[in-house]
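Trainee: Give me the fold of what follows.
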Amino acid sequence: MKTKKFFNFSFVIIILLAVTTKELAASDKLPDPFKIIPEPTQIELKGGSNLNFKDLKSIHLKGIEKRPVLGALLSRLVDADEEGKGVLTLILSTSESVPDSPEGYILLISAGKVVISSRGEAGIFYGCQTLEQLLEDAWDTNTPIPATKITDYPAYSFRAVHFDVKHHLDHINYYYDSIDRLARYKINAIIFEFEDKLRYKRRPSVGAPQAISIDEMIALTQYARDRHIEINPLVQGLGHATFILKHPEFAHLRELENNRWAFCPMDEGTYQLLFDLYLDAIEATPGARYLHVGGDEIGNIGLCHRCKDFAEKEGLLALNLYWLNKVCSFAEQQGRIPIFWDDMPFKYAGLWDSVHRGQQDSEEETAKIWQQGLPKLNKMIEMFPQNAVHMNWNYRVTRYPGNYRVLDWYREQGRKVMIATSTQTTTGLMPSADRVPIIKMFIELANEYGINGVLCTAWDDASPHIETYWRGFIATAEYSWAPNRKNIDQFYSAFLQREFGPACIGYESIFEDLYQTAVFWNEAFNPSGNRRSIDNALLELPGLAHWKKPSELTVEKQINFKERLIDLPDFSKPGAWSQKYEQRLKQAEEEAMRYKKTSKQLTELIKKSRRNRFFWQVFQVINDFQVTTPHLLLALKMCDSEDKERQKAGFEHVSTVLSEFDSSWANLKHVFAKIRFISYPENYVKDRYYHIASQREDISFMKQVEELYHPMVREWLAEFKAPNVVNVLWLDVPGATLSSSGKN
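Mentor: Coordinates of the predicted model:
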C-alpha cells in the first residue's frame, strides 16, 4: 500500500514538472545572461544603446525625501541634481502609466540612463532590486544591459516566510543578513515564531536564557521595515504549549495534569498568561499588522473539570472557537489582525483528512465525506471570529478534490484566508526535491481562487540548518510575485545564478542527489521507520504528541533501545547478515557512489561561486556527515565473511569509518556554529516531546543513533576479539554510552 501511495504522489510530481516546463513566461524576455527573480510582469526590449555596468555614476531623487535602502552596487552612486545620462532617477509618480499597486514600478533603461517610477516607496525599492540584479549579471559576465522597459507588480500583496526558532536560535546578525537577502527577492513579510526565544518581560520565566531581547527585536523589526519587510509575531497556543506549560508555575493551566501540550481553554488564567506574552510580542514588533495566535494540532481538550461540561453540551469545535474568539478579540483590541492555523475546525467537523491527506480520495469519496461534515462546519460559522485570517496550510500536492472543496468553502463563506506552503522536509538534513514544484502548485492554485496572502513555513521539528530552507524561500518569492511566468527548470537556473553566479548554472540535479542521501541516512540504522519517528526515539519520551489519547500519555515501560536499531553480523553465521539486509546494503553502495559525485560537485561549486559560498559549505559538511552511514554498513558487510583476509580488512575499514565520523561531526559543528547557537545554557528547562530536536539541548540529537550504534559495534568487535582494531575503536565518540539520558 505504501508503494502505491508513493507511486501516485511521484506520478503527480512528474506530471507537474512536465506541465511546468511547457509554460510560457512573459511575451518578451531578457536575453541571456540576464535572469531576474522574481520574473517581471512585462518586459519590452527597446532599440537604442545598451547600458554598461560602469555607465551609472549618480542617483537623482524626484518627489522622494530620502534615499531608499540600496543594494551593494547602487549604494555606491553619488547624488545628482538632475536626471540625465549616467544617472539613475527615482520618481514617485501618479501617472496612469504607472502600476496601481504601491509595490509596482516601471524601470526604463534608455539612452545611457535609468528611470524607476512608482506610486509608492516600496515600488521604488523593488525597482532598485531588479536593477541591482541586472547590474550584477552585467558585472559577472561583462555584458551590457539592453535598452529595456520593465513594467512590474506583484500577484500577492502579502508574501511571507516563516522563521521558526522553537529548537534553536541563530545569531542575531544572521537575521539581519536574511532580511537583506529576502528583500532582494521582494519578500515583504516574516512570521517570526518566538516560542521561548523572546525575552518576555511580563512572564520572564517563559523566555529561554539566550532569547532575543525585546529591544533587539524592535531594532530588527525597524531594520526590516526600512527594507519593506514587516515582521509579525507568532506565539503558540492553545496547543504546542510545552515551552510554557513545562514550567511548574503554570502547570495548573494544563488541560490534563500529566500533559504539557495544551492549555485548558476555560481557565481564565490561560488568557492572562497568553495575553501577557502577546503584549510583549506586539511590543517587540512595532508597526506590524498581524498577530499569529497559532491554534493548530491542539490535541486533548474538553476533558478536565473546567471545560468537560461545556464540551459535552456544545462540542469540541465550540470549545475551540471559545478560545479562538477570546484571543482574536484581544488581538483586535491591540490593533492587530489575528491569524490562526485552520486545521482544527475542519478536524472537528470530520473533514481534515479529506483536506490534508485526500489526494487518494476520488471525487465521489470526497463528496460523501463533505456531505457528512459540511453541516457541522456551517452550523458553527457564525461563531468564527469575523476579524481573523484563516491560514490554510498544506505541504503536499494540493490539486485534489478535498483541497478544492476547502478553498471553495472559503470563497463561498467570504472568509479572510491566506495559504501556507512549506520549504522543509522530514529528513532533518536536506529539503526534498519536490518542495519547489509543490510550492509553485499551491501558490498558483490560490491565485486562481483570488487569495492574496502566501506564507512559506520553515518548521524546526528536526532543526535543520536554516541555509537548507533558502531554495524554498526564494521559490516562494518567485511564484508569489509572478505565478506561471517561470517553469521549474527556469527557476532552478535563475536561483543558481542569482545566489551564486553564472558559473554555477547546470548543477540543478545536485539537490535531488543530496536529498536521496539524506533519506538513506535517516532510515539506514532503524529496522523500520526512521530516526525521526517517535517509535524509534532513543530516550524515553513523556508521550507528548497531539494525536495520542489520554490513556497513552502516562504509559511507562522498560525500553531496550538497542532493539530500535538494526543488529550486527553474527560471526557464527557468516553472510546471513548481508543476506538479511541485502536491499539496504545495495542502497548503501548506491549512496556511496552518489557521494563521490556530490562531493566533487560541492567542491566545484565552492570554487565557482561569486556569492554565498557558505551555503555550499553547509551542504558539504552535511554530505560528509551522512555518508559515514553507508560507509559503515559497507564496512560491516566486509566483516560478514568466511574469508579471514576480507574479514580483517573489514575490521580495519570499520575503524577508518568511525574515525571518519568523528572528523565529519567536528566539521559539521564548526560550520553550524558560524551562524547558530549549537547548545542551550545549562540552566535551560528541558522541553522533551516527540520532535527529535527536543530530545537534546544541543545539536547532538543529530547523532543519537550513532552514539548508540557505534558502541554496539565496538562491543561486537571486542566480543569476537577483532585483532589490532578494538583499542582504536574505543577512541570514537568520547563519553558515549548506551544510556537514554540524552547526554553526550
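Trainee: Can you give me the pLDDT of Glu216?
Mentor: For Glu216, the pLDDT comes out at 98.
Trainee: And for the one 5 residues further on?
Mentor: Looking at Thr221, its pLDDT stands at 98.
Trainee: Next, count neighbours for it.
Mentor: Neighbour count of Thr221, defined by other CB atoms under 10 Å: 23. Where C-beta positions appear, they are placed from N, C-alpha and C, glycine not excepted.
Trainee: what about the chain, any weak spots by pLDDT?
Mentor: The model of the chain has pLDDT under 70 over residues 1-27, 358-359, 554-556, 721-744.
Trainee: Determine the longest helix present in it.
Mentor: In the chain, ranked by residue count with DSSP state H as the criterion, the top helix is helix 644-672.
Trainee: If you count neighbours, what's buried in whichever helix or strand comes after it?
Mentor: Per DSSP states H and E, the first helix or strand lying C-terminal to helix 644-672 is helix 704-719. For helix 704-719, the neighbour count (16 or more other CB atoms under 10 Å) marks 704-714, 716-717 as buried.
Trainee: on that earlier part again, show me what the longest helix of the chain is packed against.
Mentor: Secondary-structure packing of helix 644-672 (3 or more CB pairs under 8 Å, 6 or more residues apart in numbering; DSSP states H and E): helix 613-626, helix 628-639, helix 704-719, helix 726-729.
Trainee: how about these, which one is nearest Asp535?
Mentor: helix 704-719 (13.7 Å; CB to CB).
Trainee: ok and the closest one relative to helix 613-626, angle-wise?
Mentor: Angular relation of helix 704-719 and helix 613-626 on a 0 to 180 degree scale: 40 degrees, by axes from the mean of the first three to the mean of the last three CA atoms, to 10 degrees.
Trainee: Out of the buried residues of helix 704-719, which comes closest to Lys607?
Mentor: Glu706 (30.5 Å).
Trainee: From Leu274, how far off is that closest one?
Mentor: Per CB to CB, to the nearest Å, Glu706 is found 40 Å from Leu274.
Trainee: Any buried residues in the longest helix of the chain, and which?
Mentor: Residues 647-648, 650-655, 657-658, 660-662, 664-665, 667-669, 671-672 are the ones in helix 644-672 that count as buried (16+ other CB under 10 Å).
Trainee: Any idea how far that helix is from the middle of the chain?
Mentor: Distance, stretch centre to chain centre, for helix 644-672: 31 Å (CA atoms, centre = their mean, to the nearest Å).
Trainee: if we can go back for a sec, I'd like the helices and strands packed on helix 644-672 laid out as JSON lines, including distance to Leu198.
Mentor: Below are the helices and strands packed on helix 644-672 laid out as JSON lines (distance: least, CB to CB, whole Å):
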{"stretch": "helix 613-626", "distance to Leu198": "26"}
{"stretch": "helix 628-639", "distance to Leu198": "37"}
{"stretch": "helix 704-719", "distance to Leu198": "28"}
{"stretch": "helix 726-729", "distance to Leu198": "45"}
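Trainee: and Leu321, which of the ones you listed is closest to it?
Mentor: Nearest of the helices and strands packed on helix 644-672 (CB to CB): helix 704-719, 40.0 Å.
Trainee: For the closest one, name the packing helices and strands.
Mentor: Counting by 3+ CB pairs under 8 Å, 6+ apart, helix 704-719 packs on helix 628-639, helix 644-672, helix 726-729.
Trainee: how about the helices in the stretch 101-250 of the chain?
Mentor: Assigned by DSSP state H, counting those that start in this stretch, the helices in the stretch 101-250 of the chain fall at 121-141, 172-184, 214-225, 242-245.
Trainee: Need the winner for burial among these.
Mentor: helix 242-245 (a mean of 24; mean count of other CB atoms under 10 Å).
Trainee: Let me know how buried Ala635 is, in neighbour terms.
Mentor: Around Ala635 there are 23 residues (other CB under 10 Å).
Trainee: got a list of what the spatially closest residue to it that is not a sequence neighbour touches?
Mentor: The spatially closest residue to Ala635, leaving aside those adjacent along the chain, is His653, at 4.0 Å (CB to CB, 6 or more residues apart in numbering). For His653, the contacting residues are 634-635, 638, by CB atoms under 8 Å, 6 or more residues apart in numbering.
Trainee: His653 and Pro569, how far apart?
Mentor: As judged by CB to CB, His653 and Pro569 stand 13 Å apart.
Trainee: what's the answer for Ser551, then?
Mentor: 41 Å.
Trainee: And for Gly315?
Mentor: 57 Å.
Trainee: more crowded one of those two?
Mentor: When Gly315 and Pro569 are compared for neighbours, Pro569 comes out ahead with 23 against 17, by other CB under 10 Å.
Trainee: how about that one, what does it touch?
Mentor: Counted by CB under 8 Å, 6+ apart, Pro569 has contacts 576-578, 636, 639-640, 716.
Trainee: Closest one of those residues to Ile37?
Mentor: Leu636 (45.6 Å).
Trainee: Find the nearest non-adjacent residue to that closest one, please.
Mentor: Spatially, and ignoring its direct neighbours in sequence, Leu636 is nearest to Pro569 (6.0 Å; CB to CB, 6+ apart).
Trainee: Noted, bye for now.
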